[in-house]
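In: whatever this is, show me its structure:
(chains A, B, C, D, E and F)
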Protein chains: 6
Amino acid sequence: MATLGFIEYDDANAEVRAIYDDIMAVRGVDWINNFWKSLAHDPATLARTWRSVKEIMAPGALDAVTKEMIYLAVSATNQCGYCIASHTAAARKAGMTDAMFAEVMAVTGMANETNRLASGYQVEIDERFKAR
Amino acid sequence: MATLGFIEYDDANAEVRAIYDDIMAVRGVDWINNFWKSLAHDPATLARTWRSVKEIMAPGALDAVTKEMIYLAVSATNQCGYCIASHTAAARKAGMTDAMFAEVMAVTGMANETNRLASGYQVEIDERFKAR
Amino acid sequence: MATLGFIEYDDANAEVRAIYDDIMAVRGVDWINNFWKSLAHDPATLARTWRSVKEIMAPGALDAVTKEMIYLAVSATNQCGYCIASHTAAARKAGMTDAMFAEVMAVTGMANETNRLASGYQVEIDERFKAR
Amino acid sequence: MATLGFIEYDDANAEVRAIYDDIMAVRGVDWINNFWKSLAHDPATLARTWRSVKEIMAPGALDAVTKEMIYLAVSATNQCGYCIASHTAAARKAGMTDAMFAEVMAVTGMANETNRLASGYQVEIDERFKAR
Amino acid sequence: MATLGFIEYDDANAEVRAIYDDIMAVRGVDWINNFWKSLAHDPATLARTWRSVKEIMAPGALDAVTKEMIYLAVSATNQCGYCIASHTAAARKAGMTDAMFAEVMAVTGMANETNRLASGYQVEIDERFKAR
Amino acid sequence: MATLGFIEYDDANAEVRAIYDDIMAVRGVDWINNFWKSLAHDPATLARTWRSVKEIMAPGALDAVTKEMIYLAVSATNQCGYCIASHTAAARKAGMTDAMFAEVMAVTGMANETNRLASGYQVEIDERFKAR
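Out: Purely as a prediction, here's the structure:
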């Protein structure tokens, strides 16, 4: 069980409810997932984290599905079970197909491999990669 | 200095030269970066790694720049200095603009933050995220 | 199930029992948690690890709750489920309130985010930070 | 060299200058470190990151030096060279003595060790640690 | 449940079955573990990963049990639950005794500890370690 | 420069000198590397860390070179530059050849790759791997 339990909508104060309402509105869903219901124990962190996520994940130079796939790649690298599950769902909702998922995983796996080959062989950065 | 030094093209045997030639041809460049010149001390690893990278990074369900940005996000997460430098260069060559770079970094940073909030709060995976 | 199962007090030899007794005495508890009951399969590691933990976690320049909060921050960063659960409990016992927990998590999350922004942007260390 | 170079105060636009001014005012310093001068290439990330750091690092249930020591412990765990250097400086400014630094490092090292012993031995979470 | 479910032998196409057959033949077992049955959703990744694993894990300058113990040490460092379980089993099958397991864990734990002491104390690499 | 500078033998007190002497005697060398000269600022950590390293790295069920290769694999996984350099040197001194180094790196890279494929595909642990 989560450390502090979950704060459900009906038990939330006005400040938390307003954030829950915004999460549901922005995402076009009618429920709140456990991550936010855990953070709600600390309204300041809930508010700040949602504000940042909303700002960062909005389509910009990158579209929504690309951002969600990057989020998933990072979460798989960090072995965060909750984040892998939630961002796989989010990426699929944003348009990630099975073929795209497979390629995200293939790139993520390969990057983790060559990251260690580069460090283990103590490879120095090429001058050309330092140039701007 | 790299553990084993670099094997330059002129000093390479036929097997290694053939791989160097293929790297340059596929990438449309006329030089080999230090990563491959280090791996060349172990031709089996050089051959296997290049074959995998070539297969994985070829455009498929995801295009080249998306793959390079995922590679960069993973490398930044892992604090691999060499890989950050080389894949920032590769992603730019594939079309990543300054604005896209900034968004890759913003998503990577945020994912690393919420990965720890999710684990630290011991958030359980929602049933809806488990359903297929 | 743990790889090697747990060694309960009644099944432990004299060497392991003596360590179990010391753990309970130092911590003021009447039970042994699964971590130690797993390590007991290797008495040398059990003895060395307990000796180190006892020495390091004793109040010194930092008090007990500060040390436990640092332990928790590291465990959340590493995504170690067992350690997050056990050190959250230990930190609470040492005096960590809900408000303190929330701030530990907020700092841990932020540090993980800026760690990646700093590496991804390839930020060089300021001269002033190098000075002693 | 940082990927995008540094944006110095004199070269910054009004939006960035305002943030630089706030950083210097809140911290009581007369210079801006490289981290912020790198992020300034993306004013949205600069603004959001500073706003979050300012909010999170302000004294609350935990005092400033405790927060900086947690930041340092996370940065050392993640092997972020820039962050280790900058937050060691920040923690010292906030009051961390040599003895406190040594204890932060000892706890950080030990936590990283037992995190792996717990995972490697596949230790299950004790029921008592699950209870609220 | 695995993201995409498992592809059992009887449901697999000819390409996947051929790989399953090779896995069972090389390992001398009559079943396929969940890892491969998940990857089978992407036959290209299944084929490439198995080919690499088969090549890398074959006895060479290092014997099979040494390679499996290194695999286990990395998996424990990364907190990958699945990999710890599967490679503990594989290492035991290759000859790892309880005493050897205990030493793998002790070294893994210690390395994780001193890795952070070295980074936290910002220790510079000795000239002698740079020499070839 | 290391945070606290290095404590050279001639400047060390009797307690630190005794540990330096033991390090040199056990390793059969006539110099002290920077790691220990940094830890010497905290004699308690120096003493405890050396005692643990000496105990863990002594040949037992595993020989010295196997232990050093595991140490190297973990250090490469964690991207600890100092530790990679020092333990590559230590492993070579203990008998690691170029061919063995190449295989350590190949296994380390592969494990880091499949660790992320397993987590990203959310693969559940096989019942057979749970059995003792």
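In: so who does A:Ala12 touch?
Out: With contact taken as C-beta atoms under 8 Å, 6 or more residues apart in numbering or on different chains, A:Ala12 is in contact with A:20, A:40. For glycine as for every other residue, the C-beta is placed from the backbone atoms N, C-alpha and C.
In: pLDDT score for it?
Out: The pLDDT attached to A:Ala12 in the predicted structure is 98.
In: next one: A:Leu62
Out: The pLDDT attached to A:Leu62 in the predicted structure is 98.
In: sec struct for it, please.
Out: What DSSP: H, G, I helix; E, B strand; the rest coil gives for A:Leu62 is coil.
In: neighbours around it, how many?
Out: Residue neighbour count, defined by other C-beta atoms under 10 Å in any protein chain shown, stands at 23 for A:Leu62.
In: I'd say it and B:Ala102 touch.
Out: No: using C-beta atoms under 8 Å, A:Leu62 and B:Ala102 do not qualify as a contacting pair, with a distance of 9.7 Å.
In: give me the common contacts of these two.
Out: The contact lists of A:Leu62 and B:Ala102 share no entry, where a contact means C-beta under 8 Å, 6+ apart.
In: so what's A:Ile56 up against?
Out: A:67, B:103, B:106-107, B:110, D:48.
In: that one: which element?
Out: Counting by DSSP states H and E, the element that carries A:Ile56 is helix A:43-57.
In: how about that helix: buried residues?
Out: Burial within helix A:43-57, assessed by neighbour count using 16 or more other C-beta atoms under 10 Å in any protein chain shown, is assigned to A:43, A:45-50, A:52-53, A:56-57.
In: residue contacts, A:Val104?
Out: For A:Val104, the contacting residues are A:69, A:72-73, A:91, A:96, B:62, B:70, F:120, by C-beta under 8 Å, 6+ apart.
In: same check, this time on A:Met110
Out: Contacts here follow C-beta under 8 Å, 6+ apart; on that basis A:Met110 touches B:52-53, B:56-57, B:71, F:113.
In: check the residues you listed and tell me the two furthest apart.
Out: Spanning the widest gap among the contacts of A:Met110 are B:Met57 and F:Glu113, at 14.2 Å by C-beta to C-beta.
In: tilt between the longest helix anywhere in chain A and helix B:43-57?
Out: Of all the segments of type helix in chain A, defined by DSSP state H, the longest one is helix A:98-120. Here the directions of helix A:98-120 and helix B:43-57 differ by 150 degrees (axes from the mean of the first three to the mean of the last three C-alpha atoms, to 10 degrees).
In: how about A:Ala89: what's its closest non-neighbour residue?
Out: Here the nearest residue to A:Ala89 in space, its sequence neighbours aside, is B:Phe129; by C-beta to C-beta, 6 or more residues apart in numbering or on different chains that works out to 5.0 Å.
In: and the helix or strand hosting the one you found, which residues are buried?
Out: Per DSSP H and E: B:Phe129 is located in helix B:127-130. Buried residues in helix B:127-130, defined by neighbour count with 16+ other C-beta under 10 Å: B:Phe129.
In: return the residues in contact with A:Pro43.
Out: Taking C-beta under 8 Å, 6+ apart, we find A:Pro43 in contact with A:13, A:15-16, A:19.
In: just the buried ones from those, in PyMOL syntax?
Out: Of the contacts of A:Pro43, the buried ones can be selected in PyMOL as follows, counting by 16+ other C-beta under 10 Å:
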select buried, chain A and resi 16+19
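In: of the contacts of A:Pro43, closest to chain E?
Out: Looking at those and their distance to chain E, the nearest is A:Ile19, at 29.1 Å (C-beta to the nearest C-beta).
In: these two touch, right, the closest one and A:Thr45?
Out: No: under the criterion of C-beta under 8 Å, A:Ile19 lies out of contact with A:Thr45, with a separation of 10.9 Å.
In: contact residues of chain A facing chain C?
Out: A:3-4, A:41-42, A:44-45, A:49, A:78-80 (C-beta under 8 Å from any C-beta of the partner chain).
In: give the buried subset of the residues you listed as a ChimeraX selection command.
Out: Listed next is the ChimeraX selection for buried residues among the residues of chain A next to chain C, using 16+ other C-beta under 10 Å:
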select /A:3,4,41,42,45,49,78,79,80
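In: out of the residues of chain A next to chain C, which one has the weakest pLDDT?
Out: When the residues of chain A next to chain C are compared on pLDDT, A:Thr3 comes out least confident, at 65.
In: residue of chain A with the smallest distance to chain E?
Out: Proximity to chain E, evaluated over chain A using C-beta to the nearest C-beta, is greatest for A:Ala102 at 3.6 Å.
In: how far away is that residue from chain F?
Out: With distances taken as C-beta to the nearest C-beta, to the nearest Å, A:Ala102 is found 9 Å from chain F.
In: now for the residue nearest in space to the middle of chain A, which secondary structure element holds it?
Out: In chain A, the centroid-proximal residue (C-alpha atoms, centre = their mean) is A:Tyr71; its distance is 4.3 Å. A:Tyr71 is part of helix A:64-77 when elements are defined by DSSP H and E.
In: direction-wise, compare that helix with helix B:64-77 and give the angle.
Out: Interaxial angle, helix A:64-77 versus helix B:64-77 (the same axes, to 10 degrees): 40 degrees.
In: please save the CA atoms from helix A:64-77 in PDB.
Out: As requested, the backbone C-alpha atoms of helix A:64-77 are provided in PDB (Å, rounded to 0.1, in the frame of the first residue of the first chain):
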ATOM      1  CA  ALA A  64       2.500  14.400 -27.500                       C
ATOM      2  CA  VAL A  65       3.300  10.800 -28.500                       C
ATOM      3  CA  THR A  66       7.000  11.600 -28.900                       C
ATOM      4  CA  LYS A  67       7.100  13.100 -25.500                       C
ATOM      5  CA  GLU A  68       5.300  10.100 -24.000                       C
ATOM      6  CA  MET A  69       7.700   7.700 -25.700                       C
ATOM      7  CA  ILE A  70      10.700   9.600 -24.200                       C
ATOM      8  CA  TYR A  71       9.000   9.500 -20.800                       C
ATOM      9  CA  LEU A  72       8.600   5.700 -21.200                       C
ATOM     10  CA  ALA A  73      12.300   5.300 -22.300                       C
ATOM     11  CA  VAL A  74      13.500   7.100 -19.200                       C
ATOM     12  CA  SER A  75      11.200   5.200 -16.900                       C
ATOM     13  CA  ALA A  76      12.300   1.800 -18.300                       C
ATOM     14  CA  THR A  77      15.900   2.900 -17.900                       C
END
